[in-house]
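[1] Predicted coordinates and the sequence they were generated for:
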Amino acid sequence: MECCDCRLGNYYLELTAIRAYGIHGVLPFEKKQKQPFSVDLVVWFYSDKCCVTDNVADTVDYSLLTHKVVNAIESSSFNLIEALANHMAQEILDIEHVRAVRISLTKENPPVKENIKHVKVTLLRQNDTGHTGS
């Protein structure tokens, strides 16, 4: 992990290989048939309080992060994985304490003529609203 930029937060959580099936893509069959997706997240947050209280309410609950990711994949539909990743980022940035998120979204076995295992998009979004959850 790269050096943490304190403007993003003083802690980060990493969640890897969150899997779900969804309907995303530009081809007609992609709009009808669920496909496998995998997501890796890094979520930066401020919360020194959690280290003292040992209370999940004072930090970012990773079960909520996982739920947001899976829900975005399963209940929405986008042509582009870039748009899906951006949608996930917006959902995560609305969570209390979250300062920034890096999402790596993988579409497994993409429908291209060449044989490739997956295609991945990675984006970093910061909470520009000043929302710190404090």
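    Received, thanks.

[2] Can you name the residues in contact with the strand or helix carrying residue 92?
    Assigned by DSSP states H and E, residue 92 belongs to helix 81-93. With CB atoms under 8 Å, 6 or more residues apart in numbering as the test, helix 81-93 has contacts from 22, 24, 37, 39, 41, 43, 65, 68-69, 71-73, 76, 78, 98, 100-101, 103, 105, 107, 119, 121-123, 125-127, 129, 131. Yep, even glycine has a C-beta here, placed from its N, CA and C like the rest.

[3] Give me the residues contacting the helix or strand just after that helix.
    Downstream of helix 81-93, the next assigned helix or strand under DSSP H and E is strand 98-108. By CB under 8 Å, 6+ apart, the residues outside strand 98-108 that reach it are 7-9, 24-25, 35-46, 60, 81, 84-85, 88-89, 92-93, 117-127, 131-133.

[4] Separate out the buried members of these.
    Neighbour-count burial (16 or more other CB atoms under 10 Å) applied to those gives 8-9, 24-25, 35, 37-46, 60, 81, 84-85, 88-89, 92-93, 120-121, 125-127, 133.

[5] So which of these are in helices?
    Cross-referencing those against helices under DSSP state H gives 81, 84, 85, 88, 89, 92, 93.

[6] any idea how far the residue nearest to the fifth one when sequence neighbours are not counted lies from residue 10?
    With CB to CB, 6 or more residues apart in numbering as the criterion, residue 89 has its nearest non-adjacent residue at 4.1 Å, and that residue is residue 125. Residue 125 is 18 Å from residue 10, where distance means CB to CB, to the nearest Å.
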